[in-house]
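# Only the shape, not the letters, is given here:
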């Protein structure tokens, strides 16, 4: 399957910047606009752009669903660390008198996990639609 | 006869819309501003997040965002189950 030359050229120019922009939005989710979900969707869109360039997709749907499930299981494990250290459910794992740079680690980890999970989920949705269109 | 009936229904709907529009004005509504002022004054130091939206969905409303992630997982696996008829996929 070949797409328009304009689309392929623009995708080739935009793809590295889009990947960088998605990672930037996920990592800076707690100090500027954005967050895990938005950055994950941008990363998934960059995968779609890769499909436009190559005409084929490299990832396997079974593997992506497995990664999605493992990321989802790791989410409550990270959340429950906060219960062990502070004694309250669903809160920051570092107590409130810790410095800002240390407490930020928790937000960073959760943003990365949610971003990876959303990216993997949307990529597997795109893979499903691509394979449905091909068959 | 049918045209008259349709016209009457349309007129009724327009009158109702005008009535509803007349009742929606911001002056009469009173909002509960307790949570808003709490988040603005204390949210940054309690969650240590400069972005207040991230502070809310990763600290105050973490329960909701956890199940939001689970909804995404269920949606993806459900679409995969419906689209690809493969038994050992899930």
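Happy to help now that I have it. Bear in mind that the values here come from a model prediction, so they are computed numbers and not experimental data. Numbering: from 1, shown residues only, chains lettered A, B, ... in the order given.

# Distance of the most far-flung residue of chain A relative to its centre relative to residue A:65?
Residue farthest from the centre of chain A, counting by C-alpha atoms, centre = their mean, is residue A:97 at 30.4 Å. From residue A:97 across to residue A:65, the span is 42 Å (C-beta to C-beta, to the nearest Å). C-betas here are computed from N, CA, C, even on glycine.

# Alongside chain B, which residues does chain A contribute?
A:29-35, A:61-62, A:65, A:68-69, A:72, A:75-76, A:79, A:90-92, A:96, A:100, A:103-104, A:106-107, A:110-111, A:114, A:117-118, A:121, A:124-125, A:128-129, A:131-132 (C-beta under 8 Å from any C-beta of the partner chain).

# repeat that with 7 Å
A:29-33, A:35, A:61-62, A:65, A:68, A:72, A:75-76, A:79, A:90-92, A:96, A:100, A:103-104, A:107, A:110, A:114, A:117-118, A:121, A:124-125, A:128, A:131-132 (C-beta under 7 Å from any C-beta of the partner chain).

# contacting residues around residue A:52?
Contacts for residue A:52 (C-beta atoms under 7 Å, 6 or more residues apart in numbering or on different chains) come out as A:3, A:7, A:8, A:11.

# roughly how far apart are it and chain B?
Note on residue A:52: its distance to chain B, by C-beta to the nearest C-beta, to the nearest Å, is 21 Å.

# Spatially nearest residue to that residue (excluding sequence neighbours)?
Leaving aside its chain neighbours, residue A:52 sits nearest to residue A:11 (4.8 Å; criterion: C-beta to C-beta, 6 or more residues apart in numbering or on different chains).

# secondary structure element for residue 17?
Chain wasn't specified; assuming chain A. Under the criterion of DSSP states H and E, residue A:17 resides in helix A:5-27.

# meant chain B actually
helix B:2-23.

# Go ahead and name everything in contact with that helix.
Applying C-beta under 7 Å, 6+ apart, helix B:2-23 turns out to have no external contacts.

# what about it, average pLDDT?
Averaged over helix B:2-23, pLDDT sits at 90.

# how about it: buried residues?
Buried residues in helix B:2-23, counting neighbours by 16 or more other C-beta atoms under 10 Å in any protein chain shown, are absent.

# ditto for stretch B:46-66
Neighbour-count burial for stretch B:46-66, counted by 16+ other C-beta under 10 Å, picks out B:46-51, B:54-60, B:62, B:65-66.

# out of these, who's near chain A?
Among the buried residues of stretch B:46-66, proximity to chain A is found for B:46, B:47, B:48, B:49, B:50, B:51, B:54, B:58, B:59, B:62, B:66 (C-beta under 7 Å from any C-beta).

# among those, which two are most distant?
B:50 and B:66 (22.5 Å; C-beta to C-beta).

# All the helices of chain B, residue numbers only.
B:2-23, B:34-47, B:52-55, B:62-83 (DSSP state H).

# out of those, which comes closest to residue A:43?
Comparison of the helices of chain B against residue A:43 by C-beta to C-beta identifies helix B:62-83 as nearest, at 14.2 Å.

# Give the other helices and strands that that closest one contacts.
helix A:61-86, helix A:100-134 (3 or more C-beta pairs under 7 Å, 6 or more residues apart in numbering or on different chains; DSSP states H and E).
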